[in-house]
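**Q** Predicted structure and sequence below. I'll ask about it afterward.
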Amino acid sequence: MSGVTGSNGTSTTDGTVRGVLFDIDDTLVDTARAFAAGLAEAFGTLTELTPQAQADVVRIWRADAGGHYRRYVAGEVGIVEQRRARVLEITRHLGLDDLDDDGFAAWDDDYRAAFAASWALFDDAHACVAAAVDAGLAVGAVTNAPGEMQRAKIAAVGLADVLGSLVAVDTLGVGKPDPRVFHEGCRLIGTEPSATVYVGDELDVDALAAVEAGLRGVWLDRPGRRRGGPHAVSDERLAEARAAGVAVIASLRELPEVWGSART
């Protein structure tokens, strides 16, 4: 990649886009696929999973109806604690016995190894980041996962050289939608919020929260990939989001049009 990196952006007050902040999971990295691999490996050691059971496990994990990961993002519980609570929900759904400490530790080892081995970029991700860099934009990342894991993930998929400016959930002790994490991302890449595009796969936590923090929020609504299913966001909710200034794209290939139209 040529051009500037995420550490030397400039600020502006004229409305021109100077930087792009990326969500990582299910935006750049196909984390849902990695979740599926990790969960299949770990639960597969406990019981034989039918294809439908595997699909149910991933659906329950990603939906997180108990809000355990949200509690982690809010700093209320630890990351292992939230993971164990979600495992408990799934073992009970599958009709399995609750795991004791040793059983969960073994499950967790299996899960984390298979999860990390499956990290991979979406096929539109590298070109989009490269286009931002080549356009002279400062780039960075804001994520609701732990920094150590996300740095390892970025390195594994070959983006460590350009996404060195990273705000993780443990950077400030809170995560999105708190506006402070978006502002910290802007500070790290040297841009004003109003001159910064933020793109993520969740409408509320990513795009709307970015708009509310003063950034240009973009919702990456990949076909068939909405958390909670294809109808998780109503047409009325989507219209409200657009009215609030959220841009909606189906692929990262469309993102250069967003920052390009804002720069003209």
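**A** Arrived safely, thanks for sending.

**Q** Go through the longest helix along the chain and flag the buried ones.
**A** Across the chain, the helix with the greatest residue count (assigned by DSSP state H) is helix 101-117. Within helix 101-117, the residues that count as buried by 16 or more other CB atoms under 10 Å are F104, W107, D108, D110, Y111, A114, F115. For every residue, glycine as well, the C-beta is placed using N, CA and C.

**Q** Report how many residues lie close to the closest residue to the fourth one other than its chain neighbours.
**A** Of all residues beyond its chain neighbours, the one nearest D110 is A42 (4.3 Å), with distances taken as CB to CB, 6 or more residues apart in numbering. By the other CB atoms under 10 Å criterion, the neighbourhood of A42 contains 23 residues.

**Q** The residue located most distally from the centre of the chain: what secondary structure?
**A** For the chain, the largest distance from the centre (CA atoms, centre = their mean) belongs to D97, which lies 31.7 Å off. Assigned state for D97: coil (three-state reduction, DSSP: H, G, I helix; E, B strand; the rest coil).

**Q** pretty sure it is in contact with T91, am I right?
**A** Yes. The pair D97 / T91 is scored as a contact, 7.1 Å apart, by CB atoms under 8 Å.

**Q** Would you map the strands across this structure?
**A** 19-22, 138-142, 166-167, 196-200, 216-220, 247-249 (DSSP state E).

**Q** re earlier: spit out the contact partners of the residue nearest to D110.
**A** W107, D108, D110, Y111, A114 (CB atoms under 8 Å, 6 or more residues apart in numbering).
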